[in-house]
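give me a 3D structure for the following:
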Amino acid sequence: MNFRLSLFAALLFTAAASAAPDAPSLIKQGEYLAVAADCTACHTTSEQQPFAGGKAIASPVGEIIATNITPSKRDGIGNYSEQQFADALRKGVRADGAQLYPAMPYTAYATFTDSDIHALYAYFMQGVMPVDRASPETHLPFPLSIRFSMRFWNMLFLNPPGYQPDSSRSASWNRGRYLVEGAAHCSTCHTPRGFLMQEQQADAFTGAVVGSWYAPNVTGNPVTGIGSWSQQDLATYLRTGHLAGKAQAAGSMAEAISHSFQHLTDDDINAMAEYILSVPDRHAPATGTSRFGQGQPYQNLSAFRGEAFTTPVADEGARLYSANCASCHGSSGQGSKDGYYPSLFNNSATALAHPQNTIATILFGVERNTAAGKVFMPPFGTQPNAINSLNDQQVATLSNWLLQHYGNNTAAVTPEQVAEVRRGGPVSPLVMLAQVGVAGGVVLLLVVLGVVLYRRRTR
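Predicted coordinates:
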């Protein structure tokens, strides 16, 4: 009897210990990691209901709906054990056994250590308010709608969980690598994708299309990448989204800086900068002009001065620029004296070989919130807050004018490219090819069955 009472008491103690709240310091550590991972960018649609999901994430194969990751037991992850939480983050497997799509960057989060997983679990279970709100289901085209197929993708492209430090490197470099390749998942955007939408690790950080935007080359190459920047330059950019005379963040990078990077410690930001600048671009030249030193001041008011806006002029691009851009960026593209409105020459946005960011900036504008203040450029698409809605031809004409005079004068923009960016970026042929492959497999199976049946009947 005494043994049974002792056993019962021990079980009660274990249950009480497991139900006890974690230390505030552990929850705070988890919150910091959630900020580093920028979970809010995808999983928050309303500031009043953080992490409640429902946001549509554009991908080359269709929209993927971010789920509710609050501790709601009805609609969120409130019933997840810590192991199930770890499997979702590092293996892309939900508690019900269904596969996640890699729009949730579990291929990067696989890097998380067990201790950081534990801290994240403590934060999401005890530091986040539960929201009982179901997220819509993701509906990708067949056969990608079959989540089971992701098991085979994971077998090919998912690394084992955990992080192996490089003993030949400094502690700060290893910390930077852990953050960049893990929580910050920089490679998810800046590394080109292969045919099966996998990251091409041999070309890591050399630039890739991400929806309507282009995540540029951020390797240490001084020409194709950001090797001409100092570590302090990169740290400043990650903190503020702006580096005078060189670059400014827009699109998803602006979101990452607003929601995530600006809130990291100086040590972590410097560690990330140290690691990123050490990444090589093995396939690019190390000589030539970088994208931060192209273009020059230019204006052509004489081409349309005194003419009605409906009158054809010799330089329609100059007129579009004067009407829509010059009031902020200056008559010659020089920007404002305080740097709030950047110069359009010596600017990464107009000097990339890929003109997608020039188009996207015109269509969607710029919005960034940091400790340095709010940065806003109005869109010129069809948004309710668009000051002037430009059609595809006008955006193409304006883009070509900007590129010709202020940036990469070898790039050219067509109205069709503008329409593609406006729709959300290029569509992967993977869906169509997968459907063709499935159809071909079905036809082949029918042929084989037909041959088998024919042979049986003729025996």
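
residues contacting stretch 414-430, please?
Under the criterion CB atoms under 8 Å, 6 or more residues apart in numbering, residues 58, 60-61, 144, 195-197, 209-213, 355-356, 359-360, 363, 381, 392-393, 395-396, 399 lie in contact with stretch 414-430. (Glycine included, C-beta is placed from N, CA and C.)

chain center to that stretch, what's the gap?
Here stretch 414-430 is found 17 Å from its chain centre; the criterion is CA atoms, centre = their mean, to the nearest Å.

likewise stretch 264-283?
For stretch 264-283, the distance to the chain centre is 18 Å (CA atoms, centre = their mean).

averaged pLDDT, it. What do you get?
For stretch 264-283, the mean per-residue pLDDT is 95.

mind listing what's buried in that stretch?
Within stretch 264-283, the residues that qualify as buried are 264, 268-277, 279, 281, counting by 16 or more other CB atoms under 10 Å.

then stretch 391-403?
By neighbour count with 16+ other CB under 10 Å, stretch 391-403 contains the buried residues 392, 394-403.

quick check: phi and psi at the closest residue to residue 170 other than its chain neighbours.
Spatial nearest neighbour of residue 170, chain neighbours left out: residue 274 (7.7 Å); criterion: CB to CB, 6 or more residues apart in numbering. The phi/psi pair for residue 274 (degrees, to the nearest 10) reads phi -60, psi -40.

I'd guessed residue 113 sits against residue 174; true?
No - using CB atoms under 8 Å, residue 113 is not in contact with residue 174; the gap is 12.0 Å.

just want to know which of those two has more residues nearby.
residue 174 (19 against 13; other CB atoms under 10 Å).

and the more buried one, what helix or strand is that in?
Taking DSSP states H and E as the criterion, residue 174 maps to helix 171-178.

which elements pack onto that helix?
Packing partners of helix 171-178 (3 or more CB pairs under 8 Å, 6 or more residues apart in numbering; DSSP states H and E): helix 266-276.

what lies in contact with the helix it packs on?
36, 170, 172-173, 175-177, 179-180, 184, 186, 205, 218-220, 226, 231-232, 234-235, 238-239, 261, 264.

one more: stretch 52-60?
42-46, 63-70, 76, 101, 103, 131, 133, 135-136, 193, 197, 211-212, 424-428, 430.

now it - C-alpha only, CSV.
These are the backbone C-alpha positions of stretch 52-60, laid out as CSV (Å, rounded to 0.1, in the frame of the first residue of the first chain):
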residue,chain,number,x,y,z
ALA,A,52,-3.8,33.5,-36.0
GLY,A,53,-3.0,32.7,-39.6
GLY,A,54,-5.2,33.1,-42.7
LYS,A,55,-2.6,34.9,-44.8
ALA,A,56,-2.2,33.8,-48.4
ILE,A,57,1.5,33.2,-49.3
ALA,A,58,2.1,33.5,-53.0
SER,A,59,4.3,30.7,-54.5
PRO,A,60,5.1,29.7,-58.1
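
adding distance to residue 302, pLDDT and secondary structure, write the buried residues of stretch 391-403 out as TSV.
Converted to TSV, these look like this (distance: CB to CB, whole Å; pLDDT from 0 to 100; DSSP: H, G, I helix; E, B strand; the rest coil):
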residue	distance to residue 302	pLDDT	secondary structure
392	27	97	helix
394	21	96	helix
395	24	97	helix
396	23	97	helix
397	18	97	helix
398	18	97	helix
399	22	97	helix
400	19	96	helix
401	15	96	helix
402	19	96	helix
403	21	95	helix
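
all the strands of the stretch 1-150 of the chain, in order from the start?
56-57, 64-65 (DSSP state E, counting those that start in this stretch).

right, so of those, which gets closest to residue 305?
strand 56-57 (45.3 Å; CB to CB).

given the closest one, what are its sheet partners and their directions?
strand 64-65 (antiparallel) (DSSP bridges).

give the rounded mean pLDDT of the strand it pairs with.
On average, strand 64-65 scores 91.

give me the contact list for that strand.
53-57, 101, 103, 135-138, 140.

rewinding a little: so which of the strands of the stretch 1-150 of the chain is the most packed in?
Counting by mean count of other CB atoms under 10 Å, strand 64-65 has the highest mean neighbour count of the strands of the stretch 1-150 of the chain, with a mean of 18.

please state the offset of it from the chain centre?
With CA atoms, centre = their mean as the basis, strand 64-65 stands 14 Å off its chain's centre.

cool, and stretch 97-107?
Distance of stretch 97-107 from the chain centroid (CA atoms, centre = their mean) equals 15 Å.

quick one: buried residues of that stretch?
Of the residues in stretch 97-107, those buried (16+ other CB under 10 Å) are 99-107.

mind putting these in a markdown table, distance to residue 455 and pLDDT included?
Below are the buried residues of stretch 97-107 laid out as a markdown table (distance: CB to CB, whole Å; pLDDT from 0 to 100):
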| residue | distance to residue 455 | pLDDT |
| --- | --- | --- |
| 99 | 40 | 93 |
| 100 | 45 | 93 |
| 101 | 43 | 90 |
| 102 | 44 | 89 |
| 103 | 47 | 88 |
| 104 | 49 | 92 |
| 105 | 51 | 94 |
| 106 | 48 | 95 |
| 107 | 47 | 95 |
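
and those residues, which of them are in helices?
106-107 (DSSP state H).

circling back: quick one: closest of the strands of the stretch 1-150 of the chain to residue 325.
Between residue 325 and these, the shortest separation by CB to CB is 30.3 Å, and it involves strand 56-57.

report the mean confidence score over that closest one.
86.

and the contacts of strand 64-65 as a markdown table, adding distance to residue 350?
As requested, the contacts of strand 64-65 are exported to a markdown table (distance: CB to CB, whole Å):
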| residue | distance to residue 350 |
| --- | --- |
| 53 | 36 |
| 54 | 35 |
| 55 | 30 |
| 56 | 30 |
| 57 | 28 |
| 101 | 34 |
| 103 | 29 |
| 135 | 38 |
| 136 | 38 |
| 137 | 41 |
| 138 | 36 |
| 140 | 35 |
